[in-house]
Structure formats: C-alpha cells, structure tokens
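Asker: 3D model of this:
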Amino acid sequence: MCHLLEALGDVASCQESGSEVGVVAVRVVRLGEPREAGEELRIGTVRRPPRGVPKEEFASRDFYDTWLPELSPSQELVNLAHQARSDSDWRAFFAHYRKEMSTPEARHLLDLVVAVSRATEVAVGCYCEDEAHCHRRELRRLLEEHGAEVR
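Answerer: Got it, this is the predicted structure:
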C-alpha cells in the first residue's frame, strides 16, 4: 500500500506508518532489446508502433507494454532528426524537443511516469540505436528534472 500512496504523492502517510519510502527508478531503453531483470512496465515513447509486429506481441517481443506517443517528438521533429548531420543540428533537435515537452500536458505526463516509477520499475524508450542521437537523451534529462532517478 505504501508504494501506491507514494506514487500518488502521499509520502507522509508512508513515513507515518513506518513503511519504507521507495526509490524512484526509471530506465531509458531501446525498444525491442531484451528487458533487464526487474523491469516491470515498458512504455513506448514513439510516434509509430513497431512495423510488422502484431499488437498482441508488442510486450512479449520486448517493444512495450503501453504506448505513450505524447512523449515522443512530433513527426516534424522526427523528420528534422533524420536530416541531422552535425552537432549543431542535434542541439537544435534537442532544443525543439524540450520545447515540445514544455507544454502543460507533456509536463503532466512526465510527472505521471515519475509517480508510477515509485510503485514499480518503469522503462521508457524508442527504437533508435544511438541514444546520443535520439530523443531518449533529452527525455532522460527531463525525467531527472521531474524527480526521477534514471538508470
């Protein structure tokens, strides 16, 4: 029960009851790679579902358990990323992504992911091979800014 109260932001009730307050744990992963031990909920922060994979196999094939495309870059920004060639192109991409994630709706979703991670191990991710050239890099930072311990 303490994990649920904590996830909902009621840490005081957990402390009053003498229960241990859990650690916020979010992993940033590449979708489709094998899950790590302890990973319970995998969230896909991608624009599109995996191609050629039946919906009922998304979780069993280590893509995601639930889809949250609202935390992925807009299609326009994805197109910009595909054209990025230089460090300045990537800096511009990350700045634009951060701007997209500054809306109240996106901030609420980031807070929700952090809150859920207090009750269960959560992973967020996308398909990109290189996190340095992927929105995951900035998503990691945003989750940390929202209070998550990111692994």
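Asker: alpha carbons only for contacts and neighbour counts from here, please
Answerer: OK.
Asker: the residue nearest to the spatial centre of the chain: helix or strand, and which one exactly?
Answerer: With distances taken as C-alpha atoms, centre = their mean, residue 124 lies nearest the centre of the chain, 3.3 Å away. Here residue 124, judged by DSSP states H and E, is contained in strand 122-126.
Asker: got the phi and psi for residue 30?
Answerer: The phi/psi pair for residue 30 (degrees, to the nearest 10) reads phi -90, psi 120.
Asker: what about it, distance to residue 92?
Answerer: Distance, residue 30 to residue 92, by C-alpha to C-alpha, to the nearest Å: 22 Å.
Asker: the two: who's more crowded?
Answerer: Just comparing residue 30 and residue 92: by other C-alpha atoms under 10 Å the higher neighbour count belongs to residue 30, 21 against 16.
Asker: and that one, bridged to which residues?
Answerer: residue 126 (DSSP bridges).
Asker: give me every residue that touches it.
Answerer: For residue 30, the contact set (C-alpha atoms under 8 Å, 6 or more residues apart in numbering) comprises 125, 126, 127, 128, 129.
Asker: tell me, what's the model's pLDDT at it?
Answerer: pLDDT recorded at residue 30 is 98.
Asker: the residue nearest to the centre of the chain contacts residue 40, doesn't it?
Answerer: No: under the criterion of C-alpha atoms under 8 Å, residue 124 makes no contact with residue 40, lying 11.1 Å away.
Asker: show me where this protein dips below the pLDDT cut-off.
Answerer: For the chain, the stretches with pLDDT under 70 are 1-24.
Asker: now do the strands in it.
Answerer: For the chain, applying DSSP state E gives strands covering 26-30, 41-44, 66-67, 122-126.
Asker: most neighbours per residue, which of those strands?
Answerer: Greatest average neighbour count among the strands of the chain goes to strand 122-126 (a mean of 25), per mean count of other C-alpha atoms under 10 Å.
Asker: now the angle from it to strand 26-30?
Answerer: Strand 122-126 runs at 30 degrees relative to strand 26-30, counting by axes from the mean of the first three to the mean of the last three C-alpha atoms, to 10 degrees.
Asker: what's strand 122-126 in contact with?
Answerer: With C-alpha under 8 Å, 6+ apart, strand 122-126 has contacts from 25-31, 39-46, 113, 116, 136.
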